[in-house]
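**Student:** build me a structure from this.
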Amino acid sequence: MQREAAAIREQWLGRALSTQPTDRPAAEAAISALYRLIGLPPPRFHWVSSPLMALATVPPGARQSAENIDDWPLPAEFTSLKHRLSRELDCQVGWVHRPNEQLLRQQVLSSLNSSFNSAFLPPLLQAHSGVSWRYRTWYDTPYVAWLAHYDALHRAAGVPFSAGQHRRLALWTAVASACHWWWPGEQVCVVSERPVAVHTEVWGDDGEVRLHHADGPALRYGDGWDLYAWHGTQVPPWVLEDPAIDRIANEPNVEVRRCAIERLGWGPYIEQAGLRLVATAPDPGNPGFELRLYDMRRDTKVLLAINGSVERDGHRRRYGLTVPGFLKDPVDAAGWTYGLSAEQYSLLQRRT
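**Tutor:** Presented below is the predicted three-dimensional model:
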């Protein structure tokens with residue numbers, strides 16, 4: 001079952017990451033059918049090139065505008081429609097052997113939700129920064145995680161669904177398979193085209209992905225809107241294109257600064273920034289490797305260490321951690337990052 005669960009998860013993740021052209025007729029037909037399920041006639045459709053454009057202009061003929069999008073009633077209506085179907089399907093799951101249900105929940109639902117939070121939600125929040133969290137919860141509804149979960153329960157665990165339940169699931173699946181994000185209004189439904197490029201990396205034990213691309217935007221749409229990311233952290237373009245020492249020094253955001261240093265490389269950064277080596281010591285938490293402590297600023301030092309676990313490419317990542325300036329011993333500094341004393345850190349079998 002574990003192998004089948006992983007295959008189902010990858011199939012649905014592929015839908016979410018797809019850069020294939022949208023199937024407008026299929027998307028409009030499925031969304032229209034969902035409108036009928038909440039008692040409304042099919043809407044007019046307003047297609048946009050990216051999520052950034054979705055709320056930037058008022059669709060022709062729409063009463064709603066981006067300024068009052070929190071008052072749009074239909075996202076809540078469709079979310080309730082989804083929840084009613086989920087409750088019905090959950091009633092069918094009770095007889096499944098509990099370890100199997102837990103395995104599917106972890107490897108499919110939880111994994112895809114983690115990917116959503118890491119790879120899919122950040123661009124939406126950037127594009128719609130003025131929208132309240134109440135409206136942002138709509139994005140859980142068209143995302144594939146809940147559909148993949150019930151698909152896995154049916155296909156891998158044999159949970160039976162009625163013909164009516166299958167039909168409703170098929171409508172949500174058709175939308176997820178045909179287009180990108182969508183925003184339902186009373187008269188007009190706004191639908192976004194898919195991105196033209198998506199770059200991710202696997203970072204979790206259950207196939208979770210996050211945005212990452214070292215050589216350009218991790219996410220790019222046909223209208224030119226894009227997003228740069230370094231191992232899941234959203235960064236400005238200069239971090240990847242020109243991580244110069246002066247820019248790093250002037251960057252107020254600690255995470256962006258860390259990403260820029262990693263992009264440049266800790267060795268070149270230390271050399272170009274002229275950091276003074278304070279002390280070195282064997283790493284008791286990672287036998288065979290060394291800890292190096294450098295002065296960074298008057299009240300800050302940086303501890304350079306080697307990751308205790310091997311990356312997916314077979315290498316061990318070198319990374320730096322900022323520590324308080326009063327620390328003078330690398331082992332003390334390593335213990336401080338774990339909330340431990342040097343003696344306690346030295347007793348660790350191996351850190352990760």
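**Student:** where's the residue nearest the centre of the chain relative to V235, distance?
**Tutor:** Nearest to the mean C-alpha position of the chain, by CA atoms, centre = their mean, lies S118 at 1.6 Å. In this view, S118 and V235 are 14 Å apart by CB to CB, to the nearest Å. Heads up, the C-betas are built off the backbone N, CA and C, glycines and all.
**Student:** starting at the chain centroid, how far to stretch 152-170?
**Tutor:** If you compare the mean C-alpha spot of stretch 152-170 with that of the full chain, they lie 27 Å apart, counting by CA atoms, centre = their mean, to the nearest Å.
**Student:** any idea of the mean pLDDT for it?
**Tutor:** Taken as a whole, stretch 152-170 has an average pLDDT of 94.
**Student:** again, but for stretch 78-95
**Tutor:** Here the mean pLDDT over stretch 78-95 is 90, rounded to a whole number.
**Student:** buried set for that stretch?
**Tutor:** 78, 81-82, 85, 89, 92-93 (16 or more other CB atoms under 10 Å).
**Student:** save the residues you listed as JSON lines, and put in distance to G222 and secondary structure too.
**Tutor:** Below are the buried residues of stretch 78-95 laid out as JSON lines (distance: CB to CB, whole Å; DSSP: H, G, I helix; E, B strand; the rest coil):
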{"residue": "F78", "distance to G222": "26", "secondary structure": "helix"}
{"residue": "L81", "distance to G222": "30", "secondary structure": "helix"}
{"residue": "K82", "distance to G222": "29", "secondary structure": "helix"}
{"residue": "L85", "distance to G222": "33", "secondary structure": "helix"}
{"residue": "L89", "distance to G222": "36", "secondary structure": "helix"}
{"residue": "Q92", "distance to G222": "41", "secondary structure": "coil"}
{"residue": "V93", "distance to G222": "40", "secondary structure": "coil"}
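**Student:** between those, which sits nearest I261?
**Tutor:** Of all the buried residues of stretch 78-95, the one sitting nearest I261 is K82; the distance, using CB to CB, is 42.8 Å.
**Student:** next one: the closest residue to that closest one other than its chain neighbours from R318, what distance?
**Tutor:** Counting by CB to CB, 6 or more residues apart in numbering, K82 lies nearest to T141, which is 5.2 Å off, once chain neighbours are set aside. Here the distance between T141 and R318 works out to 42 Å (CB to CB).
**Student:** which one's more surrounded, those two?
**Tutor:** Legend: neighbour count by other CB atoms under 10 Å for T141 and R318, higher for T141 (18 against 15).
**Student:** okay, that one: pLDDT?
**Tutor:** Looking at T141, its pLDDT stands at 91.
**Student:** put the alpha carbons of stretch 112-128 into PDB.
**Tutor:** Output in PDB follows, covering the C-alpha atoms of stretch 112-128 (Å, rounded to 0.1, in the frame of the first residue of the first chain):
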ATOM      1  CA  LEU A 112       0.400  17.400  -0.200                       C
ATOM      2  CA  ASN A 113      -0.800  19.900   2.500                       C
ATOM      3  CA  SER A 114       2.900  20.500   3.400                       C
ATOM      4  CA  SER A 115       3.700  21.000  -0.300                       C
ATOM      5  CA  PHE A 116       0.800  23.500  -0.500                       C
ATOM      6  CA  ASN A 117       2.100  25.500   2.400                       C
ATOM      7  CA  SER A 118       5.700  25.400   1.000                       C
ATOM      8  CA  ALA A 119       5.200  25.800  -2.700                       C
ATOM      9  CA  PHE A 120       1.700  26.900  -3.600                       C
ATOM     10  CA  LEU A 121       0.500  29.300  -0.900                       C
ATOM     11  CA  PRO A 122       3.500  31.700  -0.800                       C
ATOM     12  CA  PRO A 123       2.900  33.000  -4.400                       C
ATOM     13  CA  LEU A 124      -0.800  33.500  -3.700                       C
ATOM     14  CA  LEU A 125      -0.100  35.400  -0.600                       C
ATOM     15  CA  GLN A 126       2.400  37.600  -2.400                       C
ATOM     16  CA  ALA A 127      -0.100  38.300  -5.200                       C
ATOM     17  CA  HIS A 128      -3.000  39.000  -2.900                       C
END
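**Student:** that stretch: which residues count as buried?
**Tutor:** Using 16+ other CB under 10 Å, the residues of stretch 112-128 that count as buried are 112-116, 118-120, 122-124, 127-128.
**Student:** before we move on, what about stretch 244-259?
**Tutor:** 245, 248, 251, 256-259.
**Student:** what is the end-to-end distance of that stretch?
**Tutor:** Between the opening and closing residues of stretch 244-259 there is a gap of 12 Å (CA to CA, to the nearest Å).
**Student:** neighbouring contacts of that stretch?
**Tutor:** Contacting residues not belonging to stretch 244-259 are listed as 230-231, 233, 235-236, 238-239, 260-261, 264, 269, 272-273, 320, 322 [CB atoms under 8 Å, 6 or more residues apart in numbering].
**Student:** pull the distance from that stretch to the chain's centre.
**Tutor:** The gap between the average C-alpha position of stretch 244-259 and the chain average comes to 23 Å, counting by CA atoms, centre = their mean.
**Student:** ok, now how distant is E241 from L304?
**Tutor:** E241 is 25 Å from L304, where distance means CB to CB.
**Student:** more neighbours: which of the two?
**Tutor:** For E241 versus L304, the count of surrounding residues by other CB under 10 Å is larger for L304: 22 against 12.
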